[in-house]
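Novice: Here's a sequence, model it:
(chains A, B and C, ligands or ions: 2)
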Amino acid sequence: MRVAGIFKTFPLGKKGSVRALDAISFDMAQRELVAVVGPSGCGKSTLLRIIAGLETPDAGEVRIGADTPATLTARHRLGVAFQDHGLLPWLTVAGNIGLPYRLAGLPPDPARIAALAGMVGLSKFLEAVPRQLSGGMRQRVSLARSIALDPVLLLLDEPFGALDLVTRRTLNQELQSLWTDLGTTTLLITHSVEEAVQLADRVLVMAARPGRIHAEFRIDLPRPRDRALTNSLPFLNLVQAVSSSLDDASAASGEQTEPGA
Amino acid sequence: MVSRAQPGVLAGWREVAIAPFRGLWSLVALVVCWDLYVRAHGFNVIVLPDPLTVARALIADWPTYMEKLGLTMTAAIAGLILGALLGTIVAIIAWSSRLASGMVAPLAIAVRTIPFIVFIPILSRLMGYNVKMEIVVVTMLSFFPSFVLVSSGLSGLPAAASDLSRVFGATRWRKLVLIALPAALPKLFTSIRLSSSRAVLGAMVAEFLTGLDGLGRLFLLARGELEAERALAAAVVAAVAALLLFHVAEWAERRVNARMS
Amino acid sequence: MIRQAPRGGAPLRAVGTLLFLAAWEAIGRTGLWGESFPALSTIGGVFVNDASRNLLLRALGRTAESASYGLALGAIAALLLASASSLWPRLRIGLDTLATGIYAIPTITFGPVFILVAGPEATPIVLSALSAYFPIFVALDSGLRFAPAAQRDLAAVLGASRARAFGRVDFPAALPAFVDGLRLAAPGAVLGAVLGEWFGAPRGLGVVIISSLQNVRIPQLWAAALLCVTCSLLAYVLLSALHRQAHRRYAW
Ligand SMILES: Nc1ncnc2c1ncn2[C@@H]1O[C@H](COP(=O)(O)OP(=O)(O)OP(=O)(O)O)[C@@H](O)[C@H]1O
Ligand SMILES: [Mg+2]
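Specialist: Ligands and ions are numbered 1, 2, ... in the order given. Sure, this is the predicted structure:
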């Protein structure tokens, strides 16, 4: 996947505007998992929405192999999990996981749905509705839904954002094997540096106003990255490095708006 | 009113049966006031009969009242359902095209400001004095609230739900059937509840004005022959039936709400 | 109740309205739906004739008067009911049932009672009040229930009695909701007045409607019905203006 020279400016109020994204370019190899961290409001969600084709950039282009976001969604091969899980309250877990099939006009396959639920550890909850689930369980349903159509590209916007630290760690541990088995090219947006370093092959650090890529870290740690590894010095060093880069990025972030831009 | 979390069908029926009686003391007080009023003024039964006389008249001719009630309620419920369906269909048409939705927007004001019942005499001229006219009257009364509420439900779809259908490449039709319509279902049921009393009113006024068979006509005849107790008995029957219809509609609305959110 | 207008700009709305009126005129002119569906211009023609204009306008005045009294009466009833259930919460369930019950029961069933009790002259007012009070009650009740808690706490801390807190805090806070209820109730008030007139009141638009129907004076029948619509539209617009005022002054 290639993201080339994306610019995006939102109008704000009468005269002002926000330069949400400024010349964002990066490549992703197949099967690569890239994590994006950055201060709040630096344009991470906007970037993801542009890659998903939900927002059009002012300039620049997104290519996924030979596809554009539009052609990829038309082929139903994009997977997205949003910041707020966005489950439909009237559908069961099975219904929600199978929703992409029905939206795409494909017959839902009960065996596949059961397998997906199993992958995220919700086999026993297929007939439950979202209101009967905990926050973490809902996030996992949303995750299972995003991979239902066997996507070419998976976009995850803070999939564990609403969770407490402990649950989040547990989920990260549980889902690591799922990640490597799946081998889907994945863009993961997160607030947690530890999570980024633990899950990703590469971490991009963004700075705000204008939203831009501030630094890039390659994570060459062996997998699986279990408790032992996350307590090891190389891991902690990398976390340290990304964190201080994130601090720099925050300090380098500009004013909230630019009048008359 | 407090709604219990997800009532079972049995509990639901208990609610339908009990809800109308929970605050019954106030209605009992009303009947007592009526009785005291009649006694205090020493009216004779032709002027204003006391509750007991009305009850006797009701029991004496019970089958007739039930038969007329059946006619009136059939027209009222048929019209109520037709109006709700028609309102939903027009709301879908308006939803599917910006042009149509802009053009039918004044209807939203119309529903708040136009006393549609004053058109019953005109409708009876246009359609003749028959049951079809009666059903059309009720259909018209319930059409507008359903149209407006379902419209607001369809267009008030959360942005997250719209995004969902886009990233999974859903057609507009699938989005409507799988996401927008289920999300608007509670609004449809609210409109049915709001229209329920107007439906009975419309049916009875149509019968009253045109002499079509039903409770309204019973009313008309009793009044003509100065049989106040029969007129009042018809009123009591209609009132109880309308109350029951309202409560059934309210119960259905609650169940749908519990299911869909 | 119904707040959200469907999307679409003012021009589209104007086009929609104009199309509707044009279609009406065309159907009437061509006689497509028979002579019971006259063109708008034919209906307007009724007002050219002095006699029928005077008849209609006098009837309108009468109905508007009944509807105004009815709205006022309905407002007072709603005020009493809502205040009572706010001051004595124990009464709430019963008063709720009473309010909803009277709303759910078709107004027509009260007709014979009030013809007997209040007489044909006053029946339009009573029925108008009966169909007007419910929206006011609902609006006022929720307004009183959601009075700003901080203000109420302040009143409690200052040792105000329940009644005083109600007068000084709850009620002013609920005023915009009250006016909103009035606005939503206006069409019901007009409708109630017409219903009451159908039950045998001597004058009013309802009477004109029935007599025009019996004498097959179709344009006059339509004119009277449309005057009812105009009347409730006007009331709605005026009360909306008042609502904006109240909102500006008392909203939090
Ligand atoms: N639809 C929009 N209209 C106007 N401005 C927007 C819009 N969407 C985003 N922005 C602006 O773009 C900037 C980036 O927003 P974005 O949601 O991408 O941030 P983020 O990095 O995802 O933040 P967070 O970590 O808090 O989720 C913000 O300043 C925001 O105000
Ligand atoms: Mg975000």
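
Novice: how close does the residue nearest to the spatial centre of chain A get to A:Ile50?
Specialist: Nearest to the mean C-alpha position of chain A, counting by C-alpha atoms, centre = their mean, stands A:Leu156 at 2.1 Å. Plainly put, A:Leu156 is 15 Å away from A:Ile50 if you go by C-beta to C-beta, to the nearest Å. For the C-beta atoms, the positions are set from N, CA and C on the backbone; glycine is no exception.

Novice: For the residue most central in space within chain B, what are phi and psi?
Specialist: With distances taken as C-alpha atoms, centre = their mean, the residue of chain B nearest its centroid is B:Ser196 (0.9 Å). Comment: the main-chain dihedrals of B:Ser196 come out as phi -60, psi -40, following degrees, to the nearest 10.

Novice: and it, how far is that from ligand 1?
Specialist: Counting by C-beta to the nearest ligand atom, to the nearest Å, the gap from B:Ser196 to ligand 1 is 41 Å.

Novice: so where do the helices sit in chain B?
Specialist: With DSSP state H, the ranges of helices along chain B come out as B:9-22, B:24-41, B:51-60, B:62-96, B:98-103, B:106-113, B:120-127, B:131-155, B:159-167, B:172-175, B:181-210, B:215-224, B:228-260.

Novice: could I get the ones you listed as a markdown table with distance to C:Ala59 and mean pLDDT?
Specialist: As requested, those are exported to a markdown table (distance: least, C-beta to C-beta, whole Å; pLDDT from 0 to 100):
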| stretch | distance to C:Ala59 | mean pLDDT |
| --- | --- | --- |
| helix B:9-22 | 39 | 56 |
| helix B:24-41 | 32 | 80 |
| helix B:51-60 | 34 | 88 |
| helix B:62-96 | 29 | 93 |
| helix B:98-103 | 33 | 72 |
| helix B:106-113 | 20 | 73 |
| helix B:120-127 | 14 | 88 |
| helix B:131-155 | 23 | 89 |
| helix B:159-167 | 51 | 85 |
| helix B:172-175 | 50 | 90 |
| helix B:181-210 | 18 | 90 |
| helix B:215-224 | 23 | 84 |
| helix B:228-260 | 26 | 87 |
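
Novice: and those as JSON lines, adding distance to A:Asp84?
Specialist: Rendered in JSON lines, the data for the helices of chain B read as follows (distance: least, C-beta to C-beta, whole Å):
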{"stretch": "helix B:9-22", "distance to A:Asp84": "31"}
{"stretch": "helix B:24-41", "distance to A:Asp84": "44"}
{"stretch": "helix B:51-60", "distance to A:Asp84": "57"}
{"stretch": "helix B:62-96", "distance to A:Asp84": "24"}
{"stretch": "helix B:98-103", "distance to A:Asp84": "27"}
{"stretch": "helix B:106-113", "distance to A:Asp84": "30"}
{"stretch": "helix B:120-127", "distance to A:Asp84": "49"}
{"stretch": "helix B:131-155", "distance to A:Asp84": "20"}
{"stretch": "helix B:159-167", "distance to A:Asp84": "6"}
{"stretch": "helix B:172-175", "distance to A:Asp84": "19"}
{"stretch": "helix B:181-210", "distance to A:Asp84": "16"}
{"stretch": "helix B:215-224", "distance to A:Asp84": "52"}
{"stretch": "helix B:228-260", "distance to A:Asp84": "18"}
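
Novice: so which of these gets nearest A:Leu165?
Specialist: Nearest to A:Leu165 among these is helix B:159-167; the distance by C-beta to C-beta comes to 25.2 Å.

Novice: Hey, what's the angle from that closest one to helix B:181-210? Just curious.
Specialist: 120 degrees (axes from the mean of the first three to the mean of the last three C-alpha atoms, to 10 degrees).

Novice: Name the residues that touch helix B:159-167?
Specialist: Counting by C-beta atoms under 8 Å, 6 or more residues apart in numbering or on different chains, the neighbours of helix B:159-167 from elsewhere in the structure are A:49, A:52-54, A:73, A:78, A:80, A:82, A:84, A:86, A:88, A:99, A:103, B:174-175, B:178-180, B:183.

Novice: Now which of those residues would you call buried?
Specialist: Under a neighbour-count criterion of 16 or more other C-beta atoms under 10 Å in any protein chain shown, the subset of these counted as buried comprises A:49, A:52-54, A:73, A:78, A:80, A:82, A:86, A:88, A:99, A:103, B:174-175, B:178-180, B:183.

Novice: Which members of these occur in strands, if any?
Specialist: When the buried ones among the contacts of helix B:159-167 are checked against strands using DSSP state E, the ones located there are A:Leu78, A:Val80.
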